[in-house]
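Chemist: Mind folding the following:
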Amino acid sequence: MNDDYRRIEKAIQFLEDHVYDQPGLEEVAEQVHLSPYHFQRLFTRWAGVSPKRFLQFLTLQHAKRLLESSTQLDAAYQTGLSSPSRLHDLFVAVDAVTPGQYKALGSGLEIAYGLHRSPFGECLLALTERGLCGLSFVDEADPEGPLRDLRRRWPRARFFEERERTAAMGRRVFAASGEQDRAPIPLLLKGTNFQIKVWEALLRIPPGAVTSYQRLAATIENPAASRAVGAAVGANPIAYVIPCHRVILSSGVFGNYRYGAQRKKAILGWEQAQLTAHRV
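Modeler: Here you go, the predicted model:
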């Protein structure tokens, strides 16, 4: 799966770099060292749509249309979606550490962790008895980075590598649409009150939708804090589940991502593809 994702990521980059040249299937397949037949099968199996259709989801025009339709999110915040749980592609229930526990830096907490494959490359999952406390994608240039960051965030916790336990959570998080375990996925969040407020707001953005940093700031009733909101989005400790990838620039540009701009585009395009597949 990781090899497949690396090929997909490389193909997305090539398609973006040559969008005006409209490269054919043979040319893209050559870039990832596959025959056109096998590349088409690989890409369609991963995304659910053709490479050409996928590229349409990553255009500036499409992103701008998504931002225009994101006004529908304002209504969602007035409904039951404003509760700590949400009904979208994943069920999530949020549990935050108390101020005292925050100061204790995780003292007495036991964290199980494990490295696993995902549709978007290798990731590190971290679990406590109270829920998922970390999900980070692995950068090949710094494979120890996610675990190092996890230890930094919980310096007094005790860590145990338990891949079987974390694998079960990974299967739930990355289950195909319609195959999820409908029990809530519990999250344990450690952050400032402001960060947790931003992360909870991110959880209300449904798959296939995007918002801007400015709109997100307005959502938490702090419209002048878009820069601080951006910092909180970047500090999100549970990637993908808390969908920080769904925040883009107000211009429609996808912007940067902690785990690489191409991975952000891959996730957003994949979500759009899943929605398209289910509408057909």
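Chemist: what about the helices in this structure?
Modeler: Across the chain, reading from the start of the chain, the helices by DSSP state H fall at 2-17, 25-31, 36-47, 51-57, 60-69, 72-76, 99-104, 145-153, 163-173, 193-202, 213-219, 226-234, 261-279.
Chemist: Can you lay out those helices as TSV showing mean pLDDT, mean neighbour count and distance to I111?
Modeler: Where C-beta positions appear, they are placed from N, C-alpha and C, glycine not excepted. Supplementary listing: the helices of the chain in TSV, determined by pLDDT from 0 to 100; neighbours: other C-beta atoms under 10 Å; distance: least, C-beta to C-beta, whole Å:
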stretch	mean pLDDT	mean neighbour count	distance to I111
helix 2-17	87	17	24
helix 25-31	93	17	40
helix 36-47	93	17	31
helix 51-57	85	19	36
helix 60-69	84	14	36
helix 72-76	51	14	33
helix 99-104	82	12	14
helix 145-153	96	16	7
helix 163-173	94	16	10
helix 193-202	93	19	19
helix 213-219	92	21	29
helix 226-234	96	18	22
helix 261-279	85	19	24
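Chemist: Tell me which of the ones you listed lies nearest to L125.
Modeler: Between L125 and the helices of the chain, the tightest spacing by C-beta to C-beta is seen for helix 163-173, at 4.2 Å.
Chemist: before we move on, back to that, switch the helices of the chain over to CSV; also include distance to I185.
Modeler: Listed next are the helices of the chain as CSV, based on distance: least, C-beta to C-beta, whole Å:
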stretch, distance to I185
helix 2-17, 22
helix 25-31, 35
helix 36-47, 23
helix 51-57, 26
helix 60-69, 25
helix 72-76, 19
helix 99-104, 21
helix 145-153, 18
helix 163-173, 6
helix 193-202, 14
helix 213-219, 22
helix 226-234, 20
helix 261-279, 17
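Chemist: Among the ones you listed, which comes closest to V253?
Modeler: With distances scored as C-beta to C-beta, the stretch of the helices of the chain nearest to V253 is helix 60-69 (6.9 Å).
Chemist: could you give the angle of the closest one to helix 261-279?
Modeler: Calculated by axes from the mean of the first three to the mean of the last three C-alpha atoms, to 10 degrees, helix 60-69 forms an angle of 70 degrees with helix 261-279.
Chemist: which residues touch helix 60-69?
Modeler: 56, 208-212, 248, 250, 252-254, 272 (C-beta atoms under 8 Å, 6 or more residues apart in numbering).
Chemist: can I get the CA coordinates of it in PDB?
Modeler: Presented in PDB, the C-alpha positions along helix 60-69 are these (Å, rounded to 0.1, in the frame of the first residue of the first chain):
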ATOM      1  CA  LEU A  60      -8.300  26.100  -8.600                       C
ATOM      2  CA  GLN A  61     -11.700  26.500 -10.200                       C
ATOM      3  CA  HIS A  62     -13.100  23.500  -8.400                       C
ATOM      4  CA  ALA A  63     -11.600  24.600  -5.100                       C
ATOM      5  CA  LYS A  64     -13.300  28.000  -5.500                       C
ATOM      6  CA  ARG A  65     -16.600  26.400  -6.100                       C
ATOM      7  CA  LEU A  66     -16.200  24.300  -2.900                       C
ATOM      8  CA  LEU A  67     -15.500  27.500  -1.000                       C
ATOM      9  CA  GLU A  68     -18.600  29.200  -2.400                       C
ATOM     10  CA  SER A  69     -20.700  26.200  -1.300                       C
END
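Chemist: what's the offset of it from the middle of its chain?
Modeler: Taking C-alpha atoms, centre = their mean, to the nearest Å, one finds the center of helix 60-69 at 19 Å from the center of the full chain.
Chemist: do the same with stretch 205-212
Modeler: Distance of stretch 205-212 from its chain centroid, counting by C-alpha atoms, centre = their mean, is 11 Å.
Chemist: pLDDT averaged over it - what is it?
Modeler: Averaged across stretch 205-212, the pLDDT comes to 87.
Chemist: Show me the residue at the heart of this protein, geometrically.
Modeler: Within the chain, the residue whose C-alpha comes closest to the C-alpha centroid is Y240; the distance, by C-alpha atoms, centre = their mean, is 2.3 Å.
Chemist: quick one, what contacts it?
Modeler: Y240 makes contacts with 118, 120, 135, 173-174, 267, as judged by C-beta under 8 Å, 6+ apart.
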